[in-house]
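In: I would like to see how this sequence folds:
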Amino acid sequence: MNVPKTRKEIDVAMFANNATYVDYLDRLRLLSTSIFSWKNLDKVAGFGAERFLEQALYDNGRACFVRDNKLGNLVLKVNPSDKLNVYNLPIKVQAWSIGYEKEYAFDDVVYIMNNVLQMPTANTITLIAYRLYETERTIDTNLIAQKTPVLIEGDTKTILTLKQVYEQYSGNTPFIFGKKSFDISNKLNAIKTDAPYIIDKLTQHKKDLMTEALNFLGIDNFFSDKKERLITAEAEGTEALTNFYLNCFYKTRQEACDMINEKFLADSPYKIELSVNREEIAKLKDELDDIMKEKETENE
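Out: Numbers count the residues shown, from 1 in each chain. Now for the predicted structure:
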């Protein structure tokens, strides 16, 4: 007879599921929005413009730079608001953010694309974060199976008592029952589950997923131990693909940067400069690497 889960057990499992997924999603989002640096953008468009721009490109795949008659230079989210021209670009756009919405002619703004497909980074990152969550929670389940490699069988009259016994056992708490009416020898039977230890394989799969995400973002040489085992041609091929991915995000940003300088900042003492934020990426990679190693140690 199956014992139904209590509300507390369900709540704990749901919390662990949600927390694990959000944790991976936030970490990858942090990396995704820290790759590029827009020098002087905050000076010409207000504090927070750089952060807002990368967040908009991550979530929506596009943004725009406008000059409002009252508010000056702004970085805003953008949606097409009219028919498309022969190059599939909008003739008019709706520039918007919290408390702001205004229609502009396409030629009056600089249309900033995350990539040539205007594809949000979030599309791919969300999928990989979900797979990382599934892998991490499977590791947790397999770890518990190593800790409690038995099922407890008993008669229906003692289900609650047996459940309490097992909860204390799985919680590392010694259990002692003093009632003579509870005869363990007659009412309790242990069945071995013989769950295989697969944490090491799952941990490697998790590394592979993380590497896939980082390569997609244009971040290479994350797990150096794996890269050292690659033959030269394979390593060079991986690096070339990673650089190509990075260029997919860099090219459209650089084009927008040049257009902003030409259209809006020709007479400004500040010009926007785009660069790959390699130092920050290295720091974030180190932090993420430490977290991954800590989880591996916990799961051993």
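
In: low-confidence ranges in the stretch 151-300 of the chain?
Out: Applying pLDDT under 70 to the stretch 151-300 of the chain flags residues 151-193, 221-238, 279-300.

In: so where do the helices sit in the stretch 101-250 of the chain?
Out: All helices of the stretch 101-250 of the chain, identified by DSSP state H, counting those that start in this stretch, fall at 121-147, 159-170, 184-187, 199-216, 224-228, 232-263.

In: I'd like these written out as JSON lines, with distance to Val86 and mean neighbour count added.
Out: Using the backbone N, CA and C atoms, a C-beta is placed for each residue, glycine as well. Output for the helices of the stretch 101-250 of the chain, formatted as JSON lines (distance: least, Cβ to Cβ, whole Å; neighbours: other Cβ atoms under 10 Å):
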{"stretch": "helix 121-147", "distance to Val86": "27", "mean neighbour count": "17"}
{"stretch": "helix 159-170", "distance to Val86": "66", "mean neighbour count": "15"}
{"stretch": "helix 184-187", "distance to Val86": "80", "mean neighbour count": "11"}
{"stretch": "helix 199-216", "distance to Val86": "31", "mean neighbour count": "18"}
{"stretch": "helix 224-228", "distance to Val86": "45", "mean neighbour count": "11"}
{"stretch": "helix 232-263", "distance to Val86": "19", "mean neighbour count": "16"}
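
In: close enough to count as contact, Gln94 and Asp82?
Out: No. Between Gln94 and Asp82 there is no contact under Cβ atoms under 8 Å: 9.2 Å.

In: for this protein, longest strand please?
Out: Longest strand in the chain, counting residues (DSSP state E): strand 72-80.

In: what comes up buried for whichever helix or strand comes after it?
Out: The element immediately downstream of strand 72-80 (helix or strand, assigned by DSSP states H and E) is strand 92-97. Across strand 92-97, burial judged by 16 or more other Cβ atoms under 10 Å covers Val93, Gln94, Ala95, Trp96.

In: nearest to Cys64 among those?
Out: Closest to Cys64 out of the buried residues of strand 92-97 is Ala95 (5.4 Å), distances taken as Cβ to Cβ.

In: against Phe106, how distant is the closest one?
Out: As judged by Cβ to Cβ, to the nearest Å, Ala95 and Phe106 stand 11 Å apart.

In: Leu265: how many residues sit nearby?
Out: Neighbourhood size, Leu265 [other Cβ atoms under 10 Å]: 16.

In: wait, Phe65 sits on Leu265?
Out: No. Counting by Cβ under 8 Å, Phe65 sits too far from Leu265 to count as a contact (9.7 Å).

In: related to what we said a few turns ago, now, which of the buried residues of strand 92-97 sits nearest Phe36?
Out: Lowest distance from Phe36 to those (Cβ to Cβ) belongs to Ala95, with 21.2 Å.
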